[in-house]
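1. Need the 3D shape of this:
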Amino acid sequence: MKAKSIKGNSPGEIQSALNESMADGFKPTLAIVFISIRQDRNAVCKILSNEGLDVMGATSCGEFTNEYQEQGSAVILLLNLKRENYTILFEDIHDSNLGEAATHLANTAMQKFKNPAFIVCSSGISVKGEIFDGQGFVNSLEKVIGPNLKMYGGMAGDDYSLTGSFVFTNTRSTDEGIVALIVDEDKVSVTGMAISGWQPVGTVKTVTKSENGWLYTIDDKPALDMYLRYLGKQSTDVKFYEDVGLFYPFQVINAVDPVMRTPMSVNKEDNALKLDFPIPTGTKLQFSMPPDFDIIENVLEKATDLREAQKSDAEALLIFSCAGRLNALGPMTKMENDGLSEIWKTPMAGFFTYGEYGTAHGKQEFHSTTISWAALKEK
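-> Okay, the predicted model is just below:
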């Protein structure tokens, strides 16, 4: 397999970049597209379809390729992957429910390949303002695939506008659904990891009341009061999500690795915190330290360790990085993305997401404030 990444700020620029990429005889079969909602994605899909390319895509909160990072543009990873080694599945859940759609997707993948691996983009927020249930999606897939589910990907974004994010193929698009590249792992190796890099601090605590995404009490104490005491603050008279929540997410403790959940807003009357994704009563969690340069070093070190342990290389790299990570880490996100590209020494494309899918030490999870990546190589 050979891969190339291209970018552009208009359909015309994408057409020119595509033509240039194929000038040496390169004939891709597949285009993985990450594109701003400000761009004409239908026009871009038409350009790719006219060249006979299969399309899998998602809207974004920022796009990047090797040594490039922008907002409001489009990036595309082109692969000449053999068509018998992959399929693209699409599920629109407007007229069904998430469990049914996930089960249908999983069963179709299992019918197609004995050992499927999933590269998935789901919608993030619908035009109606409904948030996609990422954890429910993972749970539904695991019921069919089992504990060895291997999946990497992210929730589509919409340039932080919260007006609706989309996933799409050549001819179909939805603001409530899933698009998945399913690859035959007997023919294509998929290596990856999901990691936040944030470090826990303090003792393990227990969520004692949580309802409808609101966190009311921790260890039977008001959640907002406890959070503010940890921060050393007396009030929330700041831009809470931008100035506080992004930098001090919770680490939710699971059987293998923790996952991150970010405080988004407060209810002073109820002394409660609104999280980006709900966590149930009984959940164990810890506070976390604010990010610094060590986070990038940690992510890149773990990626290097994985590559060396598996003695693997790659022909293409996909990265799904949380939009909140961009806000919290700023320019360091480019160092992180470019660092992963340099470790794998391969063409790369990625986008800033509203949530991430990925395995951590073999356990499939839905994440927040995390970077997930997948390296592909045809056997």
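2. Can you say which helix or strand has residue 294 in it?
-> helix 293-310 (DSSP states H and E).
3. got the buried residues for that helix?
-> Residues of helix 293-310 classed as buried: 295-296, 299-300, 303, 306-307 (neighbour count, 16 or more other CB atoms under 10 Å). Yep, even glycine has a C-beta here, placed from its N, CA and C like the rest.
4. In a markdown table, list the residues you listed along with distance to residue 320.
-> Shown next, in a markdown table, are the buried residues of helix 293-310 (distance: CB to CB, whole Å):
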| residue | distance to residue 320 |
| --- | --- |
| 295 | 17 |
| 296 | 16 |
| 299 | 13 |
| 300 | 16 |
| 303 | 14 |
| 306 | 16 |
| 307 | 18 |
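5. quick revisit: hmm, who's touching the helix holding residue 294?
-> The contact list for helix 293-310 (CB atoms under 8 Å, 6 or more residues apart in numbering) reads 191, 193, 195-199, 313, 329, 332, 335-336, 339-340, 343-344, 371, 373, 375.
6. make it 7 Å
-> Applying CB atoms under 7 Å, 6 or more residues apart in numbering, the external contacts of helix 293-310 come out as 191, 193, 195, 197-198, 329, 332, 335-336, 339-340, 343-344, 371.
7. Could you report the neighbour count for residue 16?
-> 13 (other CB atoms under 10 Å).
8. what angle sits between the helix or strand hosting residue 317 and helix 293-310?
-> Element membership for residue 317 (DSSP H and E) is strand 316-322. Relative orientation of strand 316-322 versus helix 293-310 (axes from the mean of the first three to the mean of the last three CA atoms, to 10 degrees): 150 degrees.
9. Let me know the next secondary structure element after strand 316-322.
-> Past strand 316-322, the next helix or strand by DSSP H and E is helix 323-329.
10. Tell me the helices and strands packed up against the helix or strand following that next one.
-> Per DSSP H and E, helix 323-329 leads on to helix 332-344 as the next helix or strand towards the C-terminus. Applying 3 or more CB pairs under 7 Å, 6 or more residues apart in numbering; DSSP states H and E, we find helix 332-344 packed against helix 293-310, strand 316-322, strand 371-378.
11. just so I know, which of these lies nearest residue 363?
-> Nearest of these to residue 363, taken as CB to CB: strand 371-378 at 13.0 Å.
12. Which elements pack onto the closest one?
-> strand 151-155, strand 188-195, strand 316-322, helix 332-344, strand 356-360.
13. Other residues contacting the helix or strand harbouring residue 204?
-> Per DSSP H and E, residue 204 falls inside strand 200-211. With contact meaning CB under 7 Å, 6+ apart, strand 200-211 is reached by 215-220, 251, 253, 258, 278-289.
14. Report the rounded mean pLDDT for it.
-> Confidence for strand 200-211, expressed as mean pLDDT, is 94.
15. Can you list the strands that that strand pairs with?
-> Note on strand 200-211: by DSSP bridges, its sheet partners are strand 214-218 (antiparallel), strand 284-288 (antiparallel).
16. Output those strands in TSV; the columns should cover mean pLDDT, distance to residue 113 and mean neighbour count.
-> Formatted as TSV, the strands paired with strand 200-211 follow (pLDDT from 0 to 100; distance: least, CB to CB, whole Å; neighbours: other CB atoms under 10 Å):
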stretch	mean pLDDT	distance to residue 113	mean neighbour count
strand 214-218	97	40	21
strand 284-288	94	36	18
